[in-house]
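> prediction below, plus the sequence it came from.
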Amino acid sequence: MTMPPTSADPAAAPVLRRIGWLHFANDATLDFLTPLLPAGVPVAWIGVMEGLADGIGQVLKLVTGRASDRSGRRAAWVATGYLVNAWARPLTAVGMCFFWPLWIVGCRIIDRVGKGLRGSATDALVADWSAGPDRAAAFAWMRTMDHLGATVGGLAAALAAWWLPPERLWMAVAGLAVVAAWVAWLSRGLRDRAADAAAAPAAAPAGWWPRSPELRRPLLAIAVASIAAKLSPLLILVHVAGVEDPSRAWPLWLMCLGWAGFGLIQAMASGVAGMIAKRLGNLVVLRAGWAFGAVGCVGLALVSGPLLLVVGVAFAILAGLTEGAEKAWLADHAPKSERAIAFGALALVTAAAGLIGNGVVGLLLATVGPIGFLGLAGAGLLGVVLTWAAPARN
């Protein structure tokens, strides 16, 4: 796979290519391990585990984003975070082998700590090595590699679940150590831009939130739209697969294939979104994607049968369209001195919006049924409206 054009700097492409493959390896192992966790963790623990782990990771993104901005260095944070992710996952096999759920929970939390260490710095490093229209293409390519990795991981998980009995799944998880070694090799090639490393870092404003006025409206627009746009793929898949009705629910292997298919569709949509954003601008992609998501919410509420699968595919396209454009749009407005913490703020507001949207839908699915999806359609449209009032820089 080749990188899209990134900048006039010939040193940019090798670094961005390594970051892309790190995205691929990370999501492949994550999406391999995640659907296998119920084999070692009681169902009652999973919600607590995921909520605690994700919360720690999101808060850390603000802390490490500020530290990255203050030092002007990104690569060390990125490499450290990916290495923590890579080695925490095969260590989960120990807990699965000996039926130690607390060990598995601990590994999951350490894994999310790794994401918190690298998350903001990774996005800032991509922004540092790209500029102008090529920045949108670079972020879209990262999302493509994310989703391709998720597809490979999901397919591998389906194969492992089909081939091995539950008590032997730990052996497949232990094999992730091979990927961890590859991640370690890729991480060695990361570096900050020479111009950024040589220059004294700009003084980062005090505090733990971006201070630039130009970031306020973009963050608000993304937060509002994300209530609809950040619906969990797992929640959508559960609804499409009919899990709430055991008489028509998909078997487990088909659920795993559906998960992999969701990732593949997102990968293709991200690639197309990068080309569109480079030609027409990030805002065009965002507005179209969020409006498309509002229509998708209506579809999830009102359709059933085979048409519901079509709507699920549409949501996978939506996720692929908007994720890279959101980051590129924010990067275009973020001062260099607040670039990493801006991405930390983005992670926090989208996580909060996703919690609201998924929480509301989950509650309404259990009480009033799919009609609850209708309540989110307005959030996507309001996000579109807010982009018109945001600064027009692109």
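Right, received. Where do you want to start? Numbers count the residues shown, from 1 in each chain.

> can you find the helix or strand in this structure with the smallest mean pLDDT?
Lowest by mean pLDDT, DSSP states H and E among the helices and strands of the chain is helix 194-198, with a mean of 57.

> which element, helix or strand, includes residue 360?
Using DSSP states H and E, residue 360 falls within helix 339-367.

> could you say what helices and strands that helix packs with?
helix 43-71, helix 101-128, helix 216-229, helix 233-240, helix 306-333, helix 374-389 (3 or more CB pairs under 8 Å, 6 or more residues apart in numbering; DSSP states H and E). Bear in mind the C-beta positions are built from the backbone N, C-alpha and C, glycine included.

> relative to helix 216-229, how tilted is that helix?
30 degrees (axes from the mean of the first three to the mean of the last three CA atoms, to 10 degrees).

> so where's the stretch 251-394 of the chain shaky on pLDDT?
Low-confidence segments of the stretch 251-394 of the chain (pLDDT under 70): 252, 389-394.

> please redo it, this time with the cut-off set to 90
The model of the stretch 251-394 of the chain has pLDDT under 90 over residues 251-286, 288-289, 291-380, 387-394.

> circling back to that earlier point, let's have the helices and strands packed on helix 339-367 in TSV, adding mean neighbour count and distance to residue 30.
What follows is the helices and strands packed on helix 339-367, written out as TSV (neighbours: other CB atoms under 10 Å; distance: least, CB to CB, whole Å):
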stretch	mean neighbour count	distance to residue 30
helix 43-71	18	12
helix 101-128	24	8
helix 216-229	24	20
helix 233-240	18	13
helix 306-333	22	16
helix 374-389	19	26
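
> what about residue 150, how many residues nearby?
Residue neighbour count, defined by other CB atoms under 10 Å, stands at 27 for residue 150.

> can you tell me which residues contact it?
Applying CB atoms under 8 Å, 6 or more residues apart in numbering to residue 150 gives the contacts 27-28, 30-31, 259-260, 262-263, 266-267.

> which element is it on?
Counting by DSSP H and E, residue 150 is found in helix 133-163.

> beyond that helix, next helix or strand please.
Next element after helix 133-163 (DSSP H and E): helix 169-174.

> run through who's touching that next one.
So helix 169-174 is contacted by 32-33, 36, 39-40, 89-90, 92-94, 96-97, 156, 160-161, 164 (CB under 8 Å, 6+ apart).

> stretch 268-288 too?
With contact meaning CB under 8 Å, 6+ apart, stretch 268-288 is reached by 4, 133-134, 136-141, 143-144, 146-147, 225, 289, 316-326, 328-329, 332, 384, 387, 392, 394.

> quick one: which of the contacts of residue 150 is nearest residue 184?
residue 28 (15.3 Å; CB to CB).

> close enough to count as contact, the closest one and residue 157?
No. Shown here, residue 28 and residue 157 do not form a contact pair, counting by CB atoms under 8 Å, at 10.0 Å.

> nearest residue to residue 150 other than its sequence neighbours?
Of all residues not flanking residue 150 in the chain, residue 263 sits nearest, at 3.4 Å (CB to CB, 6 or more residues apart in numbering).

> mind checking how far the one you found is from residue 182?
Distance, residue 263 to residue 182, by CB to CB, to the nearest Å: 19 Å.

> also residue 384?
Counting by CB to CB - residue 384 and residue 182 are separated by 41 Å.

> please apply the same query to residue 119.
From residue 119 to residue 182 the distance is 20 Å (CB to CB).

> ok, now residue 131?
29 Å.

> which of the two has more residues huddled nearby?
Neighbour comparison, residue 131 and residue 182: the larger count goes to residue 131, with 16 against 13 (by other CB under 10 Å).

> what secondary structure does the more buried one sit in?
Under DSSP: H, G, I helix; E, B strand; the rest coil, residue 131 falls in the coil class.

> for residue 191, see how far away it is.
Taking CB to CB, one finds residue 131 at 17 Å from residue 191.
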